[in-house]
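Peer 1: A predicted structure for the sequence below; I have some questions about it.
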Amino acid sequence: MMLLAIEQGNTNTLFAVHDGKTWIAQWRAATDSTRTADEYAVWLSQLLQMAGLKFDILDACIISSVVPQSIFNLRNLSRRYLHVEPLVIGENAELGIAVRIDKPSEAGADRLVNAIGAHMVYEGPLIVIDSGTATTFDVIAADGGFEGGVIAPGINLSMEALHAAAAKLPRVAIQRPQRVIGKDTVGAMQSGVFWGYIALIEGLISRIKSEWPEPLTVIATGGVASLFHGASLAIDHFDPDLTIRGLLEIHRRNSGGA
């Protein structure tokens, strides 16, 4: 089995190939909801060729997307170039996870996939923090059920909003400042966004833990999670592979491989 897993967020889209034993290739592209199946195919065929692979060897596809208008084109990519009907999270894929919120249909595909990926590796109840366009904090019960969580603006979104709303504040790169008190405008902005986000993370973790009756293990993932590595003792593990691990498990559950 050669699986193409597609995980699409609001900012980036990950394409990854699994050969039945391990992930053998991964590529990222900027998310563009207007990109057609043929455009995806041209881009992906070049990357496959560089990795010594071809479309012909891909015989399964699973798609997770938080951009509804892109799903049509991603589905056509699988149908037209892989000649397989893809599994689509939220449509024809059985997740095998209890969703214990008031409106289960509102749970984002990416959040549920992360929950499955985290539960496969970590024991007990969990908090999964996913840092992307939005920063989400999701509580996963000891039995793997999705219990709800928190959605906050992502760190890049906050930095862009600060620049856009204040005419005299420049656009600056996000990085960890050596000190909290900035000595110039750029340093002050970097400190406010970075250490402000650490305070947001630590504060929400503390409040979530105060509402949960058992100890919680905290897992961080997502595109900018590595920025926070070593900056807070509130995060127990950094795991960049939660989503693709969850997609692989969902594919196995739906194909009878688990």
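Peer 2: That came through fine.

Peer 1: how many other residues sit next to the nearest residue to Thr31 once chain neighbours are set aside?
Peer 2: What sits nearest to Thr31 in space, not counting adjacent residues and going by CB to CB, 6 or more residues apart in numbering, is Thr13, at 5.0 Å. Using the backbone N, CA and C atoms, a C-beta is placed for each residue, glycine as well. Neighbourhood size, Thr13 [other CB atoms under 10 Å]: 22.

Peer 1: Quick one: the helices in the stretch 101-250 of the chain, in order.
Peer 2: Remark: helices assigned in the stretch 101-250 of the chain by DSSP state H, counting those that start in this stretch are 109-119, 155-165, 185-211, 242-255.

Peer 1: These into CSV, with extra columns for distance to Arg179, mean neighbour count and mean pLDDT?
Peer 2: Formatted as CSV, the helices of the stretch 101-250 of the chain follow (distance: least, CB to CB, whole Å; neighbours: other CB atoms under 10 Å; pLDDT from 0 to 100):
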stretch, distance to Arg179, mean neighbour count, mean pLDDT
helix 109-119, 33, 25, 93
helix 155-165, 19, 15, 77
helix 185-211, 7, 16, 92
helix 242-255, 32, 21, 94
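
Peer 1: Gln175: which of those is closest?
Peer 2: Among the helices of the stretch 101-250 of the chain, the nearest to Gln175 by CB to CB is helix 185-211 (6.1 Å).

Peer 1: Distance to Leu82 for the helices of the stretch 101-250 of the chain - can I get that in a markdown table?
Peer 2: Formatted as a markdown table, the helices of the stretch 101-250 of the chain follow (distance: least, CB to CB, whole Å):
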| stretch | distance to Leu82 |
| --- | --- |
| helix 109-119 | 20 |
| helix 155-165 | 32 |
| helix 185-211 | 39 |
| helix 242-255 | 13 |
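
Peer 1: Show me where the stretch 51-200 of the chain has its strands.
Peer 2: For the stretch 51-200 of the chain, the strands defined by DSSP state E, counting those that start in this stretch cover 60-65, 87-88, 126-131, 134-140, 146-153.

Peer 1: In the longest one, which residues are buried?
Peer 2: Residues of strand 146-153 classed as buried: 146-147, 149-150, 152 (neighbour count, 16 or more other CB atoms under 10 Å).

Peer 1: Now it - C-alpha only, PDB.
Peer 2: Provided in PDB are the C-alpha atoms of strand 146-153 (Å, rounded to 0.1, in the frame of the first residue of the first chain):
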ATOM      1  CA  PHE A 146     -12.700  14.500  22.100                       C
ATOM      2  CA  GLU A 147     -13.900  16.700  25.000                       C
ATOM      3  CA  GLY A 148     -13.700  20.200  23.500                       C
ATOM      4  CA  GLY A 149     -11.200  23.000  23.900                       C
ATOM      5  CA  VAL A 150     -10.200  26.500  23.200                       C
ATOM      6  CA  ILE A 151      -9.500  28.400  19.900                       C
ATOM      7  CA  ALA A 152      -7.300  31.500  20.000                       C
ATOM      8  CA  PRO A 153      -5.700  33.600  17.200                       C
END
